[in-house]
Each structure stands twice: as C-alpha cells, then as structure tokens.
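Visitor: Just to be clear, the model below is a prediction. Sequence and coordinates:
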Protein chains: 2
Amino acid sequence: MSLLIVGTVAFDQIETPFGKTERIVGGSAPYIALAAAQFIDEINLVSVIGSDFPDDFIQMMEQRGIRNEGLQVIENGKSFFWSGRYHHDMNTRDTLVTDLNVLDGFDPVIPDSYQSSQYVMLGNLTPDVQMKVIQRLRSRPKLVVMDTMNYWMKPPFREGLDEVMAKVDVVAINDSEARLYTEEYSLVRAARKILDKGPQYVVLKKGENGALLFHEDQVFFAPALPLEEVFDPTGAGDTFAGGFLGYLAKTENLSFDNLKRAVIYGSAMASFCVEKFGTDRLVEVTREEVENRVSDFIDLVQFDIDLVEE
Amino acid sequence: MSLLIVGTVAFDQIETPFGKTERIVGGSAPYIALAAAQFIDEINLVSVIGSDFPDDFIQMMEQRGIRNEGLQVIENGKSFFWSGRYHHDMNTRDTLVTDLNVLDGFDPVIPDSYQSSQYVMLGNLTPDVQMKVIQRLRSRPKLVVMDTMNYWMKPPFREGLDEVMAKVDVVAINDSEARLYTEEYSLVRAARKILDKGPQYVVLKKGENGALLFHEDQVFFAPALPLEEVFDPTGAGDTFAGGFLGYLAKTENLSFDNLKRAVIYGSAMASFCVEKFGTDRLVEVTREEVENRVSDFIDLVQFDIDLVEE
C-alpha cells in the first residue's frame, strides 16, 4: 500500500558533543521516507529543493521506492537550511540558523500518480501547506498522520493548525509541544484536549523517554531503547513517524493493537537513527537488524504477573 | 519475611502549584514502610525523632506491622524538618529549609529483635550511618537495597558512599544522581559503572518517566503510570523502594523475573503516593486498588508482535 509523504528536504549542519558535520542531507521527509522504506516500496514524496541538492541522494531514495515526481526542483534556488547545536544532555538544542530559501512560498502539488495513496504523512510544515495537501487529495485516504511544532501554535498560524488537526486521524507531536498547545502539563489531559479537536489517535513523542499512544480512553506506552550512546538525535521523531506509518501501510490494519505494534516499530527505527549523524544509519540498516531491535524492545518491557484475586 | 528499614522520620512542609501543607509527616522511612506494609506485616523501623513527633502516627504504623523498637525518641529534641517548593512541572523543586535537628549525630542501633531481618532498606542517609547498619547486622541479609543522594557524592562523603555501594545488592537511585555519580550521561553506561562497584542490581528511578532495572547485561524498563494529576511527588521514590522491597520480601524470590515484578509493584505504589499530599494516599490505599493498578500497568505496556523470520 502506498504512502504519501509531505515534508522538508533540506540541508542540516549539526553540532553535538561528539562532533560537527558539514552540510548534510536533512529535513523531515528523508527520515520519514527512509524509515518507511523498511516496510513498503511505494512511497510518494512531495517537497521542494533547490538546484544545489545532491542528485545521488534522490537516486538512492528512488532505488528504495521513494518516488520523486512530486519533488519540485527550483532552478537556481537554494534548499532549506537548518543548523543547530545540541547541549550535553542531547535532549535540548539551540537553533543557530534557519534559512527557508525555496521552502518560502512552497505550494505542494500532488501528481496524479500519487492520488491513490491510502496513507499520508504530513510532516512539520505550515498548517497552510498541510491543509492544501489534504484538500488536493481527491479521495479521503485511510489514514492521515500529522506532525507540527511550537511555531505554528501561536497567532497567526494557530487557527490553521486547529483546522488541520480536525481533519487528520493521528496527531504525532512532542510532549513539550502538546503541553504548549493545550496549556496542560499533564500529558493525559493534553492528549484528551487534542483528541477533542478531532483526531482518533494522539502519539506523544517523549524522546529518550519513549512515546505514548492515546485512543478514546485507552493508552499505550513504548519506551525508547536505553542506548549506550546517542550520537545525533536529529530526525528521531520523523524516523519514528516513518516507521510507524510504514508498518501500518504494510500491515493495513488500523486496530488499536496494530497501532501499538506500529509504535514499537517506530521506536525501533528511531533507535537506529540516533546512532549516526543524519540519515547515515537509516540508509544502511537491514530488515534483520530491525527485527532484532524489536526483539530487544520485547525483552525490555516483558514481564509476567499473576494478579492476586482477593 | 521481615524487612528492616533505616531512614528518616521527619516533618515536611510542602508547596506545590496545587496547594501548601502545614507541617506534615515526611522523611523517607514512613513512605518506604507504608508501601512495604501492603505486602508484609513485619517491618522493623530504625530511625530517630524528637519528642515533638505525633504519637498517633507511630501507633498507626504499628497497627500495620511497622515496629518501633529501633525508633529512638530524643527527649526535648526536635524532629528533622524539610521544606520545599515544587515548580510548575512538578519534576523540579527548590529546598527552602533543611533542619537536621535530632538527625545530627544519629547512631543507628539495631535491636536484637530486628537481627533476623532478611531484607534491608537503607534509605537516603549519610554513608556513615548506612555502613554502621550493615556492620551491626550479625548475619548477612538476603537482600540489601540502598538509596542515596547528590550530597553524599562529593568529598568528604564520596569515599564512604563507594564503600557502602560495594556492600549492597541493589542500588536504587534517581537517574540524575546516577549521572552525577558516574559522570556518564548515558544511563546504560552509568548503570554499568555502578554495577562495577559491586551491587548485583541497579534501579534508576526516572520519576514520571519510569524506572530501569539493570542486572549483568539485562535491562528492564517499567513506565510510570500516566496520571491525570500529580498532586505531590514527595516520597514517590521512597514509596517505589518500599513497594519493590515489600514485594520481594513477600515472594522471597530473587530471580531477575521476580525483580521485574517488584519494579512494577513499586511503580504501582509510587503512582498512589503522588495523588495526595504526603503519606495520605498510602495510608488509605487497599490491596485491591494495588492489584487494579498493576493491571493498569499491564494494559499500558502490553503488545504482541510476531517477529518476521527472514
């Protein structure tokens, strides 16, 4: 089953306590797409790049089933650029540079060949662009997942964000952003407020502290794998989303039990992402490694208790 | 099977975004003992109080099997007093007042009737007091668990702390303190360094983000229950330890699988603790509520995945 991904394709320059990169490929879409490509082989990418973007990366993605008909290339344009520096704890970072470049004014065009996509990921972009994608899909997909960020939670974007939330099936955002958006510190209350906006599911991503899945009055928690070394957290949330949606598109089962499995697969993919800079680890990871890591997750949380009946 | 608890019995004055208490009963030992009393009915308390401490609280504990022969009462002395204010996130707090009072110079005497205790909890106290307890036990207990805090990780206490760690079976401390103690940000590395000091098990308590249990090359993770409201986090870590040890003393099984169950029971007890100020919720919680909450934990983390063999 095919997956439509709308997100940024960009250059990142990253500094962590372990080292510093040159300009490397980043943005949300490569992480989402490469993670999803572990599960499915028809991924429809919608994004925009400048003519400075490396063609070999596009070709590498294409070989993995990541189609680029919806990837706009702006002649003489420069690709979106982000630069950041992580603190010692690797959980917080300072943004050093954000150059929108070709992303400014991006109009997401959905090619005809993408119209059959039944699974859709709206990566973090302006609510306006996310809404255009929803409106330009001729038939309602089976599942639409969205991400967003703090910047769109304030005027003048807030209203548009509320409207997008009402149209999607799953909101997958960071815990800190859920708190900001709902003004609730309790994640249980924050999730309930977001569910009240319309989506059937809320995934709260807590970084090294795992992820929570909420649906009606049910809640599921998946930890992040305790890692000896987190090398670069950039893209971990997007990789989670890609693994989550890739697994759902492959299994075509939207029960709560299967969404729980999708959260585990998403967490497994994210645990690879942070092991190297940028998308380096995602590009090389094998299906066997993914299954082994899911097995590690099972070991990590498995216990058996016979409850006492009194 | 009996449990020996050494810890503080004190007055606390607590301020949270939800309210402020007068002087209420606090310290580590009441939380540990009341949580353990859900599982066993022979708990031997070693601590020190002033003559200002309310007798009815001692009697309430005694009715639950918490024996006070080792509870020293200093005539005309004042009980240890701590006052703190929680920030809006309920995860961080400022200490406003610490009056050691009778705790200053505390010499832990172990009554003969306590000598058969096979399970021992060394609550957070000076390493010197913790070591005296170990030395004054005539036979080696089956399991000794210790807690500690940042203050003892610096000179001139650090060396004594290292010596205590080498003598115990389980070190159960906060993640931030494990990082401070080992100078490792990765919790996997921090746990390994602590295991290298001698204990068989390390439990890293992460507050609202759950707890990790390490043993040799195994690791187990238990989340904290996502709660709608955290009213007062004071004592949650001690309550966890009390539930953990109470469950082990009851079941008398020190396998890794049973320690995992003990972590779940400890987490369940801690989830009650935070629902009211001080020990109020622990005093009233029923065994049926505990079992129901453990059932909630099972629902929270349960998933089934058939791993693909490829």
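Guide: Happy to help now that I have it.

Visitor: tell me the secondary structure for the residue nearest to A:Phe18 when sequence neighbours are not counted?
Guide: Nearest residue to A:Phe18, sequence neighbours excluded (CB to CB, 6 or more residues apart in numbering or on different chains): A:Phe231, at 5.7 Å. C-beta coordinates here come from the backbone N, C-alpha and C atoms, glycine included. Three-state assignment for A:Phe231 (DSSP: H, G, I helix; E, B strand; the rest coil): coil.

Visitor: A:Phe231 and A:Gln38, how far apart?
Guide: A:Phe231 sits 20 Å away from A:Gln38, taking CB to CB, to the nearest Å as the criterion.

Visitor: who's more crowded, these two?
Guide: Neighbours per residue, other CB atoms under 10 Å in any protein chain shown: of A:Phe231 and A:Gln38, the larger number sits with A:Gln38, 22 against 18.

Visitor: residues in contact with stretch A:161-170?
Guide: A:122, A:127, A:130-131, A:134, A:143-146, A:148, A:152-153, A:171, A:181, A:194, A:197-203 (CB atoms under 8 Å, 6 or more residues apart in numbering or on different chains).

Visitor: what is the mean pLDDT for that stretch?
Guide: Mean pLDDT, stretch A:161-170: 98.

Visitor: for stretch A:128-139, same thing?
Guide: Stretch A:128-139 shows a mean pLDDT of 98.

Visitor: Just the buried residues of it, please?
Guide: By neighbour count on 16 or more other CB atoms under 10 Å in any protein chain shown, the buried set for stretch A:128-139 is A:128-134, A:137.

Visitor: Same check on stretch A:288-298?
Guide: A:290-291, A:293-294, A:297.

Visitor: Then stretch A:38-45?
Guide: Neighbour counts over stretch A:38-45 (16+ other CB under 10 Å) mark A:38-40, A:42-45 as buried.

Visitor: Can you name the residues of the stretch 51-200 of chain A sitting close to chain B?
Guide: Contacts of the stretch 51-200 of chain A with chain B, taken as CB under 8 Å from any CB of the partner chain, map to A:88-90, A:185-189.

Visitor: Give me the PyMOL select line for the residues you listed, limited to the buried ones.
Guide: Applying 16+ other CB under 10 Å to those leaves a buried subset, and the PyMOL line that selects it is:
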select buried, chain A and resi 90+186+187+188+189
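
Visitor: Narrow the residues of the stretch 51-200 of chain A next to chain B to those in strands?
Guide: Among these, no residue falls in strands (DSSP state E).

Visitor: what about chain A, any weak spots by pLDDT?
Guide: Applying pLDDT under 70 to chain A flags the ranges A:308-310.

Visitor: which non-adjacent residue is nearest A:Pro54?
Guide: A:Val25 (7.1 Å).

Visitor: The one you found is in contact with A:Gly278, isn't it?
Guide: Yes. If you go by CB atoms under 8 Å, A:Val25 and A:Gly278 touch, sitting 6.2 Å apart.

Visitor: Show me the common contact partners of the two, please.
Guide: Residues touching both A:Val25 and A:Gly278 (CB under 8 Å, 6+ apart): A:Asp12.

Visitor: circling back: would you turn the buried residues of stretch A:38-45 into a markdown table with distance to chain B and secondary structure?
Guide: Shown next, in a markdown table, are those (distance: CB to the nearest CB, whole Å; DSSP: H, G, I helix; E, B strand; the rest coil):
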| residue | distance to chain B | secondary structure |
| --- | --- | --- |
| A:Gln38 | 11 | coil |
| A:Phe39 | 10 | coil |
| A:Ile40 | 14 | coil |
| A:Glu42 | 19 | coil |
| A:Ile43 | 20 | strand |
| A:Asn44 | 25 | strand |
| A:Leu45 | 26 | strand |
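
Visitor: how many other residues sit next to the closest residue to A:Val301 other than its chain neighbours?
Guide: Spatial nearest neighbour of A:Val301, excluding adjacent residues (CB to CB, 6+ apart): B:Val301 at 4.9 Å. For B:Val301, the neighbour count with other CB under 10 Å is 21.

Visitor: Next: A:Pro223.
Guide: Residues within reach of A:Pro223, counting by other CB under 10 Å, total 23.

Visitor: Likewise for A:Ala29?
Guide: Counted with other CB under 10 Å, A:Ala29 comes out at 27.

Visitor: contacting residues around it?
Guide: Contact partners of A:Ala29, counting by CB under 8 Å, 6+ apart, are A:5-9, A:45, A:47, A:123, A:238.

Visitor: Break down chain A into its helices, ranges please.
Guide: If DSSP state H is used as the criterion, the helices of chain A fall at A:28-36, A:55-63, A:127-136, A:158-165, A:175-182, A:187-196, A:236-251, A:256-273, A:280-284, A:287-301.

Visitor: Comparing those, which comes out most buried?
Guide: Mean neighbour count (mean count of other CB atoms under 10 Å in any protein chain shown) peaks for helix A:28-36 among the helices of chain A, with a mean of 30.
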